[in-house]
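Peer 1: my questions concern the predicted model and sequence given below.
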Amino acid sequence: MGAKRVHRNRTDSEVAVIDALVERPDGGMTVLELRTRADVTIDQLETALSELKRDDLIAVEKNGDRTVIRPDESVLPDPEADSPSLLDRLRDRLPF
């Protein structure tokens, strides 16, 4: 499962962060958890989080002594929508 197709035109690091967050929408993730799930450098992660926060695609919440990052509902895929076609998946992977 990944983010909605409309959010896939962002930078690779932003897409990696969104995709990781979409896998755990209810629990969210800490920065360290994101770092292990998204294959990006710490600098790329910082930039991606900044951009995603600026565009209101993520929410940052204090959960006790942890800071948790959650995806915005607008990013979550629609469970009733059809899965992407093979052509859509290829288009996402290839640099067009």
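Peer 2: Perfect, thanks for sending it.
Peer 1: mind listing residues that contact stretch 19-35?
Peer 2: Contacts made with stretch 19-35 from outside it, assessed by C-beta atoms under 8 Å, 6 or more residues apart in numbering, are listed as 1-3, 17, 37-38, 42, 45, 49, 58, 61, 63, 66-71, 75-77. Every C-beta, even on glycine, is put in place using the N, C-alpha and C of the backbone.
Peer 1: repeat that for 10 Å
Peer 2: 1-4, 7-8, 16-17, 36-42, 44-46, 48-49, 52, 57-61, 63, 66-73, 75-77 (C-beta atoms under 10 Å, 6 or more residues apart in numbering).
Peer 1: strands of the chain, residue ranges please.
Peer 2: Here the chain has its strands, by DSSP state E, at 58-63, 66-71.
Peer 1: what lines up beside the first one in the sheet?
Peer 2: The strands beside strand 58-63 in its sheet (DSSP bridges) come out as strand 66-71 (antiparallel).
Peer 1: what are the buried residues along the partner strand?
Peer 2: Neighbour-count burial for strand 66-71 flags 68-71 (criterion: 16 or more other C-beta atoms under 10 Å).
Peer 1: distance check, residue 52 against residue 45.
Peer 2: According to C-beta to C-beta, to the nearest Å, residue 52 and residue 45 sit 10 Å apart.
Peer 1: remind me which residues of the chain are low pLDDT?
Peer 2: Along the chain, the parts satisfying pLDDT under 70 run over 1-8, 78-85, 96.
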